[in-house]
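Peer 1: Provided below for reference: sequence and predicted model.
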Amino acid sequence: MTKPALRTSSEVPSNPSHEMRNALACIQQFGSILIDGLAGELSGEQREYIGIMLENAAKIRSVLDSELAGTDGLLQESKIKIERVSRREN
Amino acid sequence: MVKTRILVVDDNPAIRKGLSVRLRANGYEVLFAEDAISATAALVTERPDLLILDLGLPAGDGFVVMDRLQKNDRLANIPVIVLTGRELADNRDRALQAGAAAFFQKPVEDGALLFAVRKALDLSRGESRFDE
């Protein structure tokens, strides 16, 4: 009996850039909603932490904008290779 | 005073929720649709003042929605702002040629989106030019 050595195709996003952009958009949207006080007043410490979160979300966005578009094809290629790998159980 | 009504079309419920909070905080009434069919139906029945449209949708993509919009004389003047996770290279020019007033790739800065909303509404009402 053989089984996939790694994840199945259903666990791998079909479009990594698109999936990451949607997830990042949610982080940015709700972070800015919180920091702007639209969901209630925050303490100074809470604002600081959300600010750190948003700064790092912006860094991820910068990476996405500059690099991931060019690697999407590589990721798709890797996915195909992963799906073909299997091993025989002992 | 009647509020300006914006139809948000996105299949991601968290994106819809986040946009809703931001738009309502800026005085807009927000309507929702999560696929191309319900978006088209909402355009006809609700006649929103503006559409914020994702491109990757179930039951037909955002281009299908824009095509149906453009072919309906009663709806063709509703401004469309595209907000998508899709790649710029394949979609920006196509969306603008299809009639979109603005195109943003996710994630978008709130200020930039709200500015585009105001400008697109002004343009549709003949109050100013959209020259950004």
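Peer 2: All right, it came through fine. Nothing here was measured: the structure is a model prediction, and the numbers come from that model. Residues are numbered from 1 along each chain as shown, chains lettered A, B, ... in the order given.
Peer 1: check contacts around the closest residue in space to B:Ala95 that isn't next to it in sequence.
Peer 2: Nearest non-adjacent residue to B:Ala95, counting by Cβ to Cβ, 6 or more residues apart in numbering or on different chains: B:Val82, 4.6 Å away. Using the backbone N, CA and C atoms, a C-beta is placed for each residue, glycine as well. Listed by Cβ atoms under 8 Å, 6 or more residues apart in numbering or on different chains, the contact partners of B:Val82 are B:Leu53, B:Asp54, B:Leu55, B:Gly62, B:Asn91, B:Ala95, B:Ala100, B:Ala102, B:Phe103, B:Phe104.
Peer 1: ok, and what's touching whichever strand or helix holds the fifth one?
Peer 2: Secondary-structure element containing B:Asn91, defined by DSSP states H and E: helix B:88-97. Outside helix B:88-97, the residues that touch it by Cβ under 8 Å, 6+ apart are A:Ala69, B:Leu55, B:Gly62, B:Phe63, B:Met66, B:Val82, B:Thr84, B:Phe103, B:Gln105.
Peer 1: If we go by neighbour counts, what in it is buried?
Peer 2: Across helix B:88-97, burial judged by 16 or more other Cβ atoms under 10 Å in any protein chain shown covers B:Asn91, B:Arg92, B:Ala95.
Peer 1: now those as JSON lines including pLDDT?
Peer 2: JSON lines is the format used below for the buried residues of helix B:88-97 (pLDDT from 0 to 100):
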{"residue": "B:Asn91", "pLDDT": "94"}
{"residue": "B:Arg92", "pLDDT": "94"}
{"residue": "B:Ala95", "pLDDT": "96"}
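Peer 1: Pick out whichever of these sits closest to B:Arg24.
Peer 2: B:Ala95 (25.5 Å; Cβ to Cβ).
Peer 1: Now do that closest one against chain A, distance only.
Peer 2: 15 Å (Cβ to the nearest Cβ, to the nearest Å).
Peer 1: Quick one: distance of the helix or strand harbouring B:Asp122 to the chain centre.
Peer 2: Assigned by DSSP H and E, B:Asp122 belongs to helix B:110-124. What separates the centre of helix B:110-124 from the centre of its chain is 11 Å, taken as Cα atoms, centre = their mean, to the nearest Å.
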